Each structure stands twice: as C-alpha cells, then as structure tokens.
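J.: Fold the following, please.
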Amino acid sequence: MDYSKLLETAIEAQQFAYAPYSNFRVGAALLTKGGKVYTGCNVENQSFGATVCAERIAIFKAVSEGERDFTAMAVTGSTGKYTPPCGICRQVISEFAPDISLVLHDQQEGMKVVKAGTLFPHRTNYLNKTRPK
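T.: Residues are numbered from 1 along each chain as shown. Have a look, this model is predicted:
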C-alpha cells in the first residue's frame, strides 16, 4: 500500500472521532507488515485522562487481534496542519514499532514521512531492544 492511500484511510477514520470537548478530530491508519490496515480515531471523555488518541486505538486494535509487525502509520488532524503523535502515543509506538514510518499531512505543505525515532530519539527500552511476541 502506498502512503497516500494510507493517509486517505486515516482521513476516513477521522470522521468517526468523538471530540465534543476539544473539537480536534484525529484519524490514524496503521499498516501491518502483512498489508492489513487498522484504523483509529480519538475518543474523548470529560475526564480527560480517560481520553484515548487515534494512534493508540489503531495499535491496540491490531495488537488485540494478534498483530505485532507494523511498517507505517498515517496520522491526520482536523486543523489541517501536521499532527504528530503526542508523548503517550510516542511511547506506545516505541513499544511496538520503534522504526515505523509516520505519514503526516499538512493541507498547505502536503505529505511528509518521518521515522518514529526522530520524534522520540532517546527512548528507553527496558526489554533490551526486544519485545514479547
């Protein structure tokens, strides 16, 4: 799957976001090594700590179905600007896919692809660069 198609899928997922408090809708599309795509959208809660981001929803859906090998994730937000993952999402991404390509979109600038490690360069890996299968 090319990155533009993955981004389109993230944009489609964004429409399902539940964001009555921030009005900031985010969509994510996660590509597995096998070619399957898992989507996520942010789901807010009035207790902000209970809010879950689109990226984590996509990853948790995939992991809950036995997937562990990811190659790319597209993320898009309703501001039309690049929407990189938040700190908590960066931590979760680093747990499951530290070398994943992140596809970000800006309506003016277009699409750019960055490696997750550039957004979280000094991550701590307590599993000595391995993770449970």
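J.: residue nearest the centroid of the chain?
T.: Per Cα atoms, centre = their mean, the C-alpha nearest to the average position across the chain is that of residue 55, at 3.0 Å.
J.: Can you tell me the element it falls in?
T.: Applying DSSP states H and E as the criterion places residue 55 in helix 54-64.
J.: Does that helix pack against any helices or strands, and if so which?
T.: Here helix 54-64 touches helix 3-14, strand 26-32, strand 37-41, strand 70-77, helix 87-96, going by 3 or more Cβ pairs under 8 Å, 6 or more residues apart in numbering; DSSP states H and E. All C-beta spots, glycine's among them, are computed from the backbone N, C-alpha and C.
J.: Now tell me what touches it from outside.
T.: 10, 13-14, 17, 26-30, 32, 36, 38-43, 70, 73, 75, 85, 88-89, 92-93, 96-97 (Cβ atoms under 8 Å, 6 or more residues apart in numbering).
J.: what's the model's confidence in that helix, averaged?
T.: Here helix 54-64 scores 98 as its mean pLDDT.
J.: CA atoms of that helix as PDB?
T.: Presented in PDB, the C-alpha positions along helix 54-64 are these (Å, rounded to 0.1, in the frame of the first residue of the first chain):
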ATOM      1  CA  ALA A  54      -6.400   7.700  17.400                       C
ATOM      2  CA  GLU A  55      -2.900   6.200  17.200                       C
ATOM      3  CA  ARG A  56      -3.200   4.200  20.400                       C
ATOM      4  CA  ILE A  57      -6.700   2.900  19.300                       C
ATOM      5  CA  ALA A  58      -5.300   1.700  16.000                       C
ATOM      6  CA  ILE A  59      -2.300   0.000  17.700                       C
ATOM      7  CA  PHE A  60      -4.500  -1.600  20.400                       C
ATOM      8  CA  LYS A  61      -6.900  -2.900  17.900                       C
ATOM      9  CA  ALA A  62      -4.100  -4.500  15.900                       C
ATOM     10  CA  VAL A  63      -2.400  -6.000  19.000                       C
ATOM     11  CA  SER A  64      -5.700  -7.300  20.300                       C
END
